[in-house]
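Trainee: Pasting the sequence and the predicted model now:
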Amino acid sequence: MQNGKKTLGGVLGVIVVLGAAWFGIDLSNPDTSREESPATAASTTSNAQTTESISSNSDTCSLRELPAEADEVVDDILAGGPFDYPDNDGVRFGNYERILPQESSNYYREYTVETPGLNHRGPLRIVTGGSNETDPDVWYYTSDHYESFCEITDAES
């Protein structure tokens, strides 16, 4: 009977660990209770060094350098919508990768930039920061689904 309890306990332990990994919960750190996707969890460590470059504004881009679809998204953000993906656009961006400067949990919002030729959302996003959704304080663009960002310097020009 003891072996059966140990086996069941071991199986349940593996299930808990796998479930935590799936949701991006770090069980080794009791202060970590956030959820993130497995892809996000994998990129968190590898992108920590990028935080300083974004914070120091050395990684900037101009809206004219970005795909034309990004310009359309900027116009939609400034107008308050409508958005192509209303369930996903304008929602809280958690900054779990910690590439962008650390801010309060509701500071950042993300928006989908259409990728021509794809039949899904693709990797392109604009992330804004600030308390006013239609007049953000900061604008960021990622072409690789949060692996890296550039700060858009002329989004409202």
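Mentor: Structure received. Numbering: from 1, shown residues only.
Trainee: just for this structure, where's the confidence low?
Mentor: 1-58 (pLDDT under 70).
Trainee: now the helices: where do they sit in it?
Mentor: With DSSP state H as the criterion, the chain has helices at 2-22, 38-46, 50-55, 68-79.
Trainee: Any idea how many residues pack against Tyr146?
Mentor: Using other Cβ atoms under 10 Å, Tyr146 is surrounded by 25 other residues. Where C-beta positions appear, they are placed from N, C-alpha and C, glycine not excepted.
Trainee: ok, now which ones touch Glu103?
Mentor: 95, 129 (Cβ atoms under 8 Å, 6 or more residues apart in numbering).
Trainee: Backbone torsions only: list them for it.
Mentor: Taking degrees, to the nearest 10, you get phi -140, psi 180 for the backbone angles of Glu103.
Trainee: Ok, Asn95 next?
Mentor: According to degrees, to the nearest 10, the main-chain angles of Asn95 amount to phi 50, psi 40.
Trainee: go on, the one 4 residues further on?
Mentor: Its backbone dihedrals place Ile99 at phi -90, psi -40, with angles given as degrees, to the nearest 10.
Trainee: quick one: it and Tyr146 touch, right?
Mentor: Yes: between Ile99 and Tyr146 there is a contact under Cβ atoms under 8 Å: 7.0 Å.
Trainee: could you measure the nearest residue to Gln102 once chain neighbours are set aside against Thr142, distance?
Mentor: With sequence-adjacent residues excluded and distances taken as Cβ to Cβ, 6 or more residues apart in numbering, Gln102 is closest to Asn95, at 7.3 Å. Distance, Asn95 to Thr142, using Cβ to Cβ, to the nearest Å: 12 Å.
Trainee: cool, Tyr111 as well?
Mentor: 11 Å.
Trainee: Common neighbours of the two, please.
Mentor: With Cβ under 8 Å, 6+ apart, Tyr111 and Thr142 have common neighbours 125, 127.
Trainee: residues near the residue nearest to Gln102, how many?
Mentor: Neighbours of Asn95 (other Cβ under 10 Å): 22.
Trainee: Now do the same contact list for it.
Mentor: Asn95 makes contacts with 102-103, 107-108, as judged by Cβ under 8 Å, 6+ apart.
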